[in-house]
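A.B. asks: Here is my input; please provide its structure:
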Amino acid sequence: MLWQRTKEKEIALDRYNNAKLWQIGCFSLNNAATNLYMAMMLYVSYYANSVAGIGVVLVSFLLTALNIFDGVTDPAAGYLLDHTQGRFGKFRPFMVAGNFLMAASSLLLFFTMHLLPSFLRVGYFILIYAVFILGYTCQTVVGKSGQSALTDNPAQRPLATYFDSMFFMASYGGIALFVSNFLVPRFGDFDSIKLFQVLTLVVVILSALCTLLAIIGIWEKDPAAGRTKLRKPLQKTERIRLRDYKEVIIHNRPIQMLILSACMNRFAATVYGHTAVGVMLFGIMMKDYSIAGLIGVLTAIPTLLVVSGGIWIAQRFGQKKALVLSTWAAIGLQAWMFLLLWQGSVDRIHFGLSCWNGITWAFFWLFVLLNGCKSITNNMVVPMIADCTDYEVYRSGKYVPGLMGAMFSFVDKVFAALGTAFVGIVLAAAGFGQRLPQVTDEVTDTIRYVTLFLYCVIPAAGWLCSVFAMKYYKLDKKRMQEVQKGKGKRGN
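C.D. replies: Next up, the predicted model:
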């Protein structure tokens, strides 16, 4: 196990704020709780278009504007988090409030919007989705900032990537499997109200359970005011004023480069992960939409083995090295995936017990390796935010986990919004301005070209930009050892 391979002497050193394995795993469920909602909201454009009757382009731009609003709320949430230390700690109130708002708004959205007169639906959609965004912001700012309180041990932090990757695949893969193999066969196409309502109820329950376990995981590291168990370097940090944020943003070069790299990854992930892209790839080109859910289940264990290799590299050579190597590997594998999908026999890809032919095996192993690299690039950045937080304590004495998480989330969400808008524009240009692609559509050259462009070309371009940004990110393993030593001296 990865935990057993972690260097015992590094964990035992008193200068580190160590966490138990179960605490790291449980706290990672905070991200799973929000990922469940985001996996569900991947289908909101289909609900708004097919059920509520809002046009494709209008839906895309509404979601883009609302996701930008999502990013704008992050700095405010980060500021509040940095100044929160009450009866229930710093992080837990945000987790509870955020999950409650997401649950309430999701139930209202999918159970009531279609009942309103047509002229009220757009305004209602904006209002309810804005409430959802406020909840999402509250809970995600904890996921981005809480790692710094959980542990500062460089041998432990990469383990968060392993759990995040596992729960990310479980969240998105589980929802995709549930939709494609249960809801669609039972309720028909994406024009069924019942499909979205059943999905909403399942997500609300599972996300609440994940949030409860995450609260248990962070409980010991998030004490109430006056009972702090934070280590000295964090206890003696300077009081943070609003004007200090500008100085932190300008002079913390590592967080700037990490954000730039991560937002390129986010844009790529939003594009290739868009529901319409999955419908075109699996439902239309491969003519079997059930693959969209099955592929995540079938590749889960081998993908985690790839992620384990990335964690081993991170523990041995540093998180930056693991991120850069996995990104280069993803670029190369994406080129091979493009060539595989370019040839016209992808409709022969099937995962039945007696249907495993050559192209199915090729797609399977390419998907495993590529998905493993994607998981590393998408999830390694979370513990790296904690490194940037520690660097700020080392540099200026300011402990601002909320600011670091908020800065990251702000840009991350803006680029996710741009990715959503980009897909909408491309689909509209391809002739899907009024109606999104459906699993029952026939494959055409236009659909093939658009699918390859969105699933292969754009992600590879984003990853190239990400690698370039990491050239200027200096917090490698050696530098982080210096940071932790310097932070310890500041506490003394």
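A.B. asks: How much space separates residue 168 from residue 448?
C.D. replies: 29 Å (CB to CB, to the nearest Å). C-beta: built from backbone N, CA, C; applies to glycine.
A.B. asks: neighbours of residue 358, just the number please.
C.D. replies: 9 (other CB atoms under 10 Å).
A.B. asks: Who are the contact partners of it?
C.D. replies: Residue 358 makes no contacts at all, as judged by CB atoms under 8 Å, 6 or more residues apart in numbering.
A.B. asks: For residue 148, see how far away it is.
C.D. replies: 48 Å.
A.B. asks: Okay, buried residues for stretch 188-200 please.
C.D. replies: 190, 192, 193, 195, 196, 198, 199, 200 (16 or more other CB atoms under 10 Å).
A.B. asks: Return the residues in contact with the second one.
C.D. replies: Right, residue 192. residue 51.
A.B. asks: State the phi and psi torsions of it.
C.D. replies: phi -100, psi 120 (degrees, to the nearest 10).
A.B. asks: Check which helix or strand residue 22 maps to.
C.D. replies: helix 21-41 (DSSP states H and E).
A.B. asks: and that helix, what other elements does it pack with?
C.D. replies: helix 92-112, helix 118-145, helix 147-150, helix 157-168, helix 174-178, helix 193-218 (3 or more CB pairs under 8 Å, 6 or more residues apart in numbering; DSSP states H and E).
A.B. asks: need the contact list for residue 430.
C.D. replies: Residue 430 makes contact with 446, 447, 450 under the criterion CB under 8 Å, 6+ apart.
A.B. asks: repeat for residue 114
C.D. replies: Counted by CB under 8 Å, 6+ apart, residue 114 has contacts 51, 52, 121, 193.
A.B. asks: will you turn those into a markdown table that also has pLDDT and distance to residue 391?
C.D. replies: Converted to a markdown table, these look like this (pLDDT from 0 to 100; distance: CB to CB, whole Å):
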| residue | pLDDT | distance to residue 391 |
| --- | --- | --- |
| 51 | 74 | 47 |
| 52 | 76 | 46 |
| 121 | 87 | 47 |
| 193 | 87 | 50 |
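A.B. asks: which of the residues you listed lies closest to residue 172?
C.D. replies: Taking CB to CB as the measure, residue 172 lies nearest residue 51 of the contacts of residue 114, at 22.2 Å.
A.B. asks: returning to what we had before: if you compare the helices and strands packed on helix 21-41, which one is most tucked away?
C.D. replies: Ranked by mean neighbour count, these are led by helix 147-150 with a mean of 27 (mean count of other CB atoms under 10 Å).
A.B. asks: how long is stretch 267-276 end to end?
C.D. replies: 15 Å (CA to CA, to the nearest Å).
A.B. asks: next one: phi and psi at the nearest residue to residue 51 once chain neighbours are set aside?
C.D. replies: Leaving aside its sequence neighbours, residue 51 sits nearest to residue 114 (CB to CB, 6 or more residues apart in numbering; 5.2 Å). Backbone torsions of residue 114, given as degrees, to the nearest 10, read phi -70, psi -10.
A.B. asks: per-residue pLDDT, residue 114?
C.D. replies: pLDDT for residue 114: 82.
A.B. asks: Equivalent analysis for residue 235, please.
C.D. replies: At residue 235, pLDDT is 46.
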